[in-house]
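Trainee: model the structure of this input:
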Amino acid sequence: MTGNQYKTVKKMVAVTFLFLCFWAAGDLSRIQVILEPDRPSLRVQLSHTASLRCCYSVTGGAVDTIWATSPHTVKGTDILRGVDRRDNRVTVDGGNLTAAGVMCHTLILREARLNDSGLYQCFLNHSALRPSVYTHGTFLHVYRPMVKILDISESTKNSILTAEGMLLMVAVLLHGTMMLCKTKKLNQLKKKRVKEEEENIYEGLNLEECCSTYDQIQRSLVQGPYQDVGNMIMEEEEIQLEKP
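Mentor: As a prediction, this is how the structure comes out:
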């Protein structure tokens with residue numbers, strides 16, 4: 001091979017390599033990721049199983065999905081870290097493609113602990129994605145259930161509430177009945193007092209004196225204001241005779 005042919009082949013290889021590089025870059029630049037809405041939060045009781053899910057649609061290639069979490073801390077110093085798949089409590093599937101072309105990944109966390117609380121997101125990794133893409137994420141809240149002082153069923157609670165209502169009604173009725181009886185008794189005492197006062201008015205009166213006084217008044221009205229001397233003398237004598 002002569003020197004000119006060698007130079008020609010070298011130029012063709014360089015052009016081909018550049019073409020392949022530009023083609024690969026153009027292919028990578030066509031990758032687009034559309035994030036689907038995630039569940040905002042999930043509350044799971046202590047020692048129960050939590051199921052988290054992230055969904056997205058991608059065109060122009062495939063991306064690697066890694067589950068990441070930001071543990072919740074009191075001071076707010078959250079650090080994003082990958083979920084430890086070596087933990088026996090953690091199960092991560094390879095992703096399921098729906099009929100609508102949406103890729104969904106599921107993370108199952110068994111026997112949830114309090115320190116498992118935090119924000120769980122899917123990290124989508126591809127060399128053409130700049131910057132890196134994270135799904136919206138779901139905040140997992142692991143809570144400790146309240147300890148019941150009295151373990152009472154719902155039917156028993158309803159029976160207790162019904163009994164309390166009946167007792168309250170009986171108490172109201174008894175109070176109302178007592179108030180009515182008290183009012184009635186006060187009215188009777190008031191009527192009796194008025195009657196006794198009316199009777200006391202006539203206790204000190206002598207009926208004979210009342211009758212004699214009444215007769216004298218009637219006699220004076222019948223005789224009139226003018227009387228002759230004879231009648232007056234006779235009345236005086238009669239009055240004197242009446243004295244013992």
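Trainee: next, give phi and psi for residue 42.
Mentor: Phi and psi for residue 42, reported as degrees, to the nearest 10, are phi -150, psi 130.
Trainee: isn't it up against residue 49?
Mentor: No. Using C-beta atoms under 8 Å, residue 42 is not in contact with residue 49; the gap is 11.1 Å. C-beta coordinates here come from the backbone N, C-alpha and C atoms, glycine included.
Trainee: of those two, which one has the most company?
Mentor: Neighbour comparison, residue 42 and residue 49: the larger count goes to residue 42, with 16 against 13 (by other C-beta atoms under 10 Å).
Trainee: which strand residues bridge the more buried one?
Mentor: Residue 42 has the following beta-bridge partners by DSSP bridges: residue 140.
Trainee: can you give the domain ranges for the chain?
Mentor: Following automatic domain parsing, one gets these domains for the chain: 29-143, 153-199.
Trainee: buried residues, stretch 50-58. List them.
Mentor: Using 16 or more other C-beta atoms under 10 Å as the test for burial, stretch 50-58 gives 50, 52, 53, 54, 55, 56, 57, 58.
Trainee: what is the mean pLDDT for the lengthiest strand in the chain?
Mentor: Longest strand in the chain, counting residues (DSSP state E): strand 50-59. Averaged over strand 50-59, pLDDT sits at 92.
Trainee: what lines up beside that strand in the sheet?
Mentor: Counting by DSSP bridges, the strands paired with strand 50-59 are strand 32-35 (antiparallel), strand 103-109 (antiparallel).
Trainee: mind checking pLDDT for residue 105?
Mentor: Looking at residue 105, its pLDDT reads 93.
Trainee: that one: what's it in contact with?
Mentor: 53, 54, 55, 65, 67, 92, 93, 94, 95, 96, 122 (C-beta atoms under 8 Å, 6 or more residues apart in numbering).
Trainee: go with 6 Å
Mentor: Counting by C-beta atoms under 6 Å, 6 or more residues apart in numbering, residue 105 makes contact with 54, 65, 95, 122.
Trainee: what's the answer for residue 102, then?
Mentor: 36, 55, 57.
Trainee: secondary structure element holding residue 169?
Mentor: Using DSSP states H and E, residue 169 falls within helix 154-201.
Trainee: show the end-to-end separation of stretch 49-65, please.
Mentor: This stretch, stretch 49-65, spans 22 Å end to end (C-alpha to C-alpha, to the nearest Å).
Trainee: my error: substitute stretch 112-127 in the last question.
Mentor: Termini of stretch 112-127 sit 34 Å apart (C-alpha to C-alpha).
Trainee: avg pLDDT for that stretch?
Mentor: Stretch 112-127 carries an average pLDDT of 90.
Trainee: thought residue 97 was touching residue 103?
Mentor: Yes. Assessed by C-beta atoms under 6 Å, residue 97 is found in contact with residue 103 at 5.4 Å.
Trainee: quick one, which of those two is more surrounded?
Mentor: With neighbours defined as other C-beta under 10 Å, residue 97 and residue 103 compare such that residue 103 has more, 20 against 10.
Trainee: and residue 138, how many residues sit next to it?
Mentor: If you count neighbours by other C-beta under 10 Å, residue 138 ends up with 21.
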